[in-house]
Every structure is written in structure tokens, then in C-alpha cells.
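# Next comes the sequence, and after it the predicted model I'd like to discuss.
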Amino acid sequence: MKVLVIGGAGYIGSHVVKALLNDREEKHEITVFDNLSSGLKQNLFKEAAFVEGDILDYPALKKAMEGCGALVHLAAFKAAGESMIVPEKYSVNNITGTLNILNAAAETGLKYFVFSSSAAVYGEPAYLPIDEDHPKNPTNYYGFTKLEIERFLGWYDKLKGIRYAALRYFNAAGYDPEGVVCGLERNPANLLPVVMEVAAGLRPEVKIFGNDYGTPDGTGVRDYVHVTDLADAHVRALHYIVKNNRSLAVNLGSENGISVDEMVTAARKITGQPVPSVYVERRAGDPAKLVASSKKAKEFLKWVPRYSDVDTLVKTTWEAYLKNKK
């Protein structure tokens with residue numbers, strides 16, 4: 001099948017491209033469509049075609065989509081804090097851009113759509129672990145855009161027959177264990193890249209927001225899923241919607257919480273670096289614990305995370321940082 005991977009030069013997108021190229025069930029012809037605003041040429045594969053373009057450029061998007069049977073959409077702005085300050089940026093890119101993608105898909109006859117959604121659609125946890133039936137009350141504008149896109153997908157399924165998989169990521173982390181994909185994210189804000197930057201001497205210390213939560217070590221607990229496990233789920237989701245001709249929305253998490261202190265401790269052990277850290281005040285709105293139920297992904301996609309333990313997350317990320325230091 002010819003598959004368009006929108007955002008395929010980015011951190012998650014490049015791992016998805018690798019997984020599609022290595023798909024044992026079906027051979028795919030891959031085209032990456034990316035404006036390189038956050039994606040890297042370093043993350044492109046010679047086996048995949050590349051079109052430099054923006055999802056706000058409808059003619060370019062439509063042209064890239066012609067002849068494709070499926071697409072994977074990973075081209076969203078994702079900084080939750082920024083989305084509360086400049087919502088217009090997120091409206092234009094995430095919502096208008098996705099409507100362009102959906103309209104181009106309808107116009108070109110594309111039938112299968114794998115969407116990079118987020119656990120941010122749920123908001124504050126009403127119960128744990130969070131399953132797909134959990135109330136959806138986003139607490140930031142980024143999460144709102146993801147939830148709205150899922151609703152658009154539901155309508156285009158009904159009206160245009162576009163089958164979709166909405167994959168609600170929890171915390172993506174780690175790097176390709178084979179070391180093929182190792183382009184680092186620009187201006188990372190997530191915990192593990194920040195820890196690695198401290199270990200690499202690029203930042204002075206890790207700020208840990210709160211150590212008085214009701215968790216075993218007092219620091220916040222989150223569900224981290226390795227990016228290679230995420231990529232595997234995208235391939236499985238594409239197979240599912242093609243074979244079953246039906247849409248689905250599933251959580252992608254490891255179901256195991258890792259605390260901030262656990263992550264920092266593992267980083268010290270694996271990198272051999274001191275990784276200085278300091279406790280600071282909690283951030284407003286940060287829950288003590290967030291973990292997923294991935295029961296549906298296991299049931300429908302036969303998906304089981306293989307790389308999402310803390311040591312593998314840290315080790316593969318550190319190896320990517322070391323490669324980029326050379």
C-alpha cells in the first residue's frame with residue numbers, strides 16, 4: 001500500500017516510517033510529507049520518498065496524497081503550556097491543518113487514516129488507570145485540539161467512509177534500539193530529554209516539580225511508552241482498520257508508572273553522570289499519578305510494549321545523545 005506519513009521526519013514520525021518500512025505483513029510504499037519545522041532531514045530514510053510541504057498548503061497536500069491508500073498524521077504542535085498562551089497557533093496548525101488533510105483525503109479517495117492523538121484528551125484523572133471510557137475534559141488547549149480532531153474523524157467516517165485509528169499516546173520516550181533513528185528533538189520539554197541534556201552537560205540541573213505527592217517517593221508518576229512500541233502500534237492499527245473496515249480509538253501506554261525520581265536515578269546509573277537535580281514547587285494542575293489502561297490495544301491490535309521499561313527508555317535515549325555528541 002502507498003502510505004503518506006505526514007510529520008514523518010519528526011521524533012515519533014521517523015520511528016513510524018521505520019516500522020512501516022520493516023512491516024512483515026505487507027510491503028508499503030512510503031512518502032514522508034514534512035515542513036521540517038521540527039522534523040529533521042537526518043531522520044529521513046532513503047527507502048522513502050520525501051516531499052517538503054506544509055499541511056496548510058492544500059494543493060501541495062492533495063498532490064502528495066494522490067494514489068495513497070492510507071496516511072499517518074503526526075503533524076501537530078504539542079506543547080501544552082504554549083497552547084494556553086498562543087491558542088491561535090494551535091487552532092491554525094492542529095485544527096485547520098487537519099481539516100485540510102481530511103478534505104484532501106476525501107477528495108483523493110484515501111480511505112485509511114491513522115491519527116496521532118493524545119492522553120491530553122482526558123484531562124485530570126477521575127480514576128486510574130485511565131481507560132478509553134474515561135471522561136474527556138482537556139485541561140489545556142492542545143488536548144482540546146486533539147479531541148476536536150477525533151470528533152471530526154468520527155464525522156468523516158460516517159459521511160465519507162474514511163476509517164481511522166485514533167491512538168491516544170501517554171508519554172512517548174526512548175529512541176530506536178537499533179540506533180538507526182537518532183535525530184534529537186529540538187527544544188525538548190519532556191522529562192527524559194531534559195534529564196539527558198543534564199547528563200550531557202547541556203543543562204545545569206533537572207528541576208523536579210514537587211516531592212510531596214502521595215506517591216512512594218513523593219514525586220509525580222507518569223506512564224512512559226517507548227517510541228518503538230508506539231511505532232509498532234501504528235502499523236498494527238493500520239492493519240486493523242484495513243482488515244476490519246472499522247475505526248477505533250485506543251490508549252497507548254505501558255500501564256506501569258515511573259516516577260521522576262526513578263527516571264533520574266536510572267539516568268545516573270546508566271550514564272555514569274551525576275545528573276544534579278533540585279526539588280521545586282509543584283506546577284499547577286499536575287496530577288500525582290497518570291497511568292493508562294491499554295487493554296483495548298492489547299485486545300484489538302495484539303499490541304504489547306516490549307521496550308517501555310525504565311532502563312531501556314533511558315539507555316536508548318542516552319545512546320542517541322552520545323551519537324549526536326560525536
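Here it is on my side, so go on.

# name the element Glu107 belongs to?
Per DSSP states H and E, Glu107 falls inside helix 97-108.

# Could you pull out the buried residues of that helix?
Gly97, Thr98, Leu99, Asn100, Ile101, Leu102, Ala104, Ala105, Thr108 (16 or more other C-beta atoms under 10 Å). (Each C-beta comes from the backbone N, C-alpha and C, glycine too.)

# didn't the second one look like it was pressed against Ile55?
Put plainly, it is Thr98. Yes: proximity of Thr98 to Ile55 meets the contact threshold set by C-beta atoms under 8 Å, at 7.4 Å.

# and the helix holding Glu107, what does it pack onto?
Applying 3 or more C-beta pairs under 8 Å, 6 or more residues apart in numbering; DSSP states H and E, one finds that helix 97-108 makes contact with helix 58-65, strand 70-73, strand 112-118, helix 141-160.

# Out of those, which is closest to Lys243?
Among the helices and strands packed on helix 97-108, strand 112-118 comes nearest to Lys243, with 10.5 Å by C-beta to C-beta.

# what pairs with the closest one, and is each one parallel or antiparallel?
Counting by DSSP bridges, the strands paired with strand 112-118 are strand 70-73 (parallel), strand 163-169 (parallel).

# Please name the residues that touch the residue nearest to Tyr122 when sequence neighbours are not counted.
Leaving aside its sequence neighbours, Tyr122 sits nearest to His134 (C-beta to C-beta, 6 or more residues apart in numbering; 5.1 Å). Going by C-beta atoms under 8 Å, 6 or more residues apart in numbering, His134 touches Tyr122, Pro125, Ala126, Tyr127.

# returning to what we had before: distance from the helix holding Glu107 to the middle of the chain?
21 Å (C-alpha atoms, centre = their mean, to the nearest Å).

# now could you export just the CA positions of that helix as CSV?
Taking C-alpha atoms only, helix 97-108 is exported to CSV below (Å, rounded to 0.1, in the frame of the first residue of the first chain):
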residue,chain,number,x,y,z
GLY,A,97,-4.3,21.7,9.1
THR,A,98,-6.1,18.5,10.0
LEU,A,99,-9.3,19.7,8.2
ASN,A,100,-7.1,20.2,5.1
ILE,A,101,-5.8,16.6,5.5
LEU,A,102,-9.3,15.2,5.9
ASN,A,103,-10.7,17.2,2.9
ALA,A,104,-7.7,16.1,0.7
ALA,A,105,-8.3,12.5,1.8
ALA,A,106,-12.0,12.8,0.9
GLU,A,107,-11.1,14.4,-2.5
THR,A,108,-8.5,11.9,-3.4
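
# Give me the residues contacting it.
Contacts of helix 97-108 (C-beta under 8 Å, 6+ apart): 6, 54-56, 58, 61-62, 65-68, 71, 73, 75-76, 110, 113, 149, 152-153, 156, 160, 162.

# Let's see that with 6 Å instead.
Ile55, Leu56, Tyr58, Leu61, Lys62, Met65, Glu66, His73, Ile149, Tyr156, Lys160, Ile162 (C-beta atoms under 6 Å, 6 or more residues apart in numbering).

# Among the residues you listed, name the buried ones.
Using 16+ other C-beta under 10 Å, the buried ones in these are Ile55, Tyr58, Leu61, Lys62, Met65, His73, Ile149, Tyr156, Ile162.

# and of these, the nearest to Arg168?
Ile149 (11.6 Å).

# Roughly how far does the residue nearest to the closest one when sequence neighbours are not counted sit from Val260?
Spatial nearest neighbour of Ile149, chain neighbours left out: Thr98 (4.9 Å); criterion: C-beta to C-beta, 6+ apart. Per C-beta to C-beta, to the nearest Å, Thr98 is found 32 Å from Val260.

# go on, Asn171?
Separation of Asn171 from Val260 (C-beta to C-beta): 11 Å.

# can you put the helices and strands packed on helix 97-108 in TSV and add distance to Asn35 and mean pLDDT?
Below are the helices and strands packed on helix 97-108 laid out as TSV (distance: least, C-beta to C-beta, whole Å; pLDDT from 0 to 100):
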stretch	distance to Asn35	mean pLDDT
helix 58-65	10	98
strand 70-73	14	98
strand 112-118	16	98
helix 141-160	18	98
